[in-house]
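In: Need a 3D model of the following:
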Amino acid sequence: MKNNVKKGDEGHGKVIQLEELSWKQIEELDKKKTVFFIPISPLEEHGPHLPVGTDYLMARDAAKKAVKTLNKKKPDFTYVLFPAIPLGYSKMASCFPGTVSTHVKAVKAIVHDVCSSLARFGFQYVVICTFHMDLGHLKGIYAAIHKVMREYSIKVAEPTGPYFYSREVEKHEPKVGFDTKKEVHAGFRETSLMKYQYPYLVDGLYKNLQNIYIDLYSPRYLRKTFKDIGIKDGYIGSPAQADSDYGRWYFQEIVRIYVQAAVDLIEGKKLPTLPRQIKMIMRSMFWL
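Out: Numbering: from 1, shown residues only. Below you'll find the model as predicted:
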């Protein structure tokens, strides 16, 4: 970071955290050469074997690692990590203790107001980092992004949604011997991630959990909770097959797409977008 923070710290893995700066240090940042990373994901049940902070921890940790990577990759810019926001829309999991689900309008207001606060002081680049792929949650985020970009000269990217819903993960992932398309919530992928990042937070009972597969995007499941549709333990997928090596790959992949989003913003490249079908589904969720 420039000015009042030690010069050169970025290149040695120093992560600049917004809450540790004074207003004067923030004011002196080069507005045209600063990228903010804003992690936001709700506290939400993740089966009987993973903590409610799974999405929150992954978004926060991947954003932090992306900042470290960019400090070396593009050191002519400054990267600032915003305090992780433990909020989001999670209606389906709201039937389990520990899930904190906010209204979609609250998600929109939070993301819009945070980005607006930065934009009013001339900052131009923001990467929203979420690991929660509920379409209601994404609807709030994208509504906020579109609004703030109409109001201010600021560019905001949310890379995980387009990556996830375009099935990019399945195109790049290591071969695991089974169909990962059915891994929806607290299954193979997320359990693998937590085994890699936070093995001490993964309850060993995951090894005995049966495979559970269900199409959450079926119209008959709209506006229902997991328990309404018979998901009694709060997971969909095959957590028993979790593998920490896969978790390492997946975490690095999340970091990669965060880094690429920042580079694309800086270089003015076209950003990935949600598939047309997903946008249509989001628009059809008129009750949110």
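
In: Counting neighbours, which bits of the longest helix anywhere in the chain end up buried?
Out: Longest helix of the chain, by residue count under DSSP state H: helix 244-267. Using 16 or more other C-beta atoms under 10 Å as the test for burial, helix 244-267 gives 244, 246-247, 249-251, 253-262, 264-266. Yep, even glycine has a C-beta here, placed from its N, CA and C like the rest.

In: Same check on stretch 146-154?
Out: 147-148, 152, 154.

In: likewise stretch 267-277?
Out: Residues of stretch 267-277 classed as buried by neighbour count (16+ other C-beta under 10 Å): 272, 274.

In: before we move on, what about stretch 18-36?
Out: By 16+ other C-beta under 10 Å, the buried positions in stretch 18-36 come out as 21, 25, 29, 34-36.

In: could you point out which element follows the longest helix of the chain?
Out: The helix or strand immediately downstream of helix 244-267 is helix 276-284, counting by DSSP states H and E.

In: Pull the distance from that next one to the chain's centre.
Out: Centroid separation for helix 276-284 versus its chain: 19 Å, with C-alpha atoms, centre = their mean, to the nearest Å.

In: Between the buried residues of stretch 146-154, which sits nearest residue 287?
Out: Comparing those against residue 287 with C-beta to C-beta places residue 147 closest, at 19.9 Å.

In: How much space separates residue 121 from residue 154?
Out: Using C-beta to C-beta, to the nearest Å, residue 121 is found at 11 Å from residue 154.

In: cool, and residue 140?
Out: Counting by C-beta to C-beta, the gap from residue 140 to residue 154 is 18 Å.

In: distance between the longest helix of the chain and the chain's centre?
Out: The chain centre lies 11 Å from the centre of helix 244-267; the measure is C-alpha atoms, centre = their mean.

In: how about residue 16, phi and psi?
Out: In terms of degrees, to the nearest 10, the main-chain angles of residue 16 are phi -80, psi 120.
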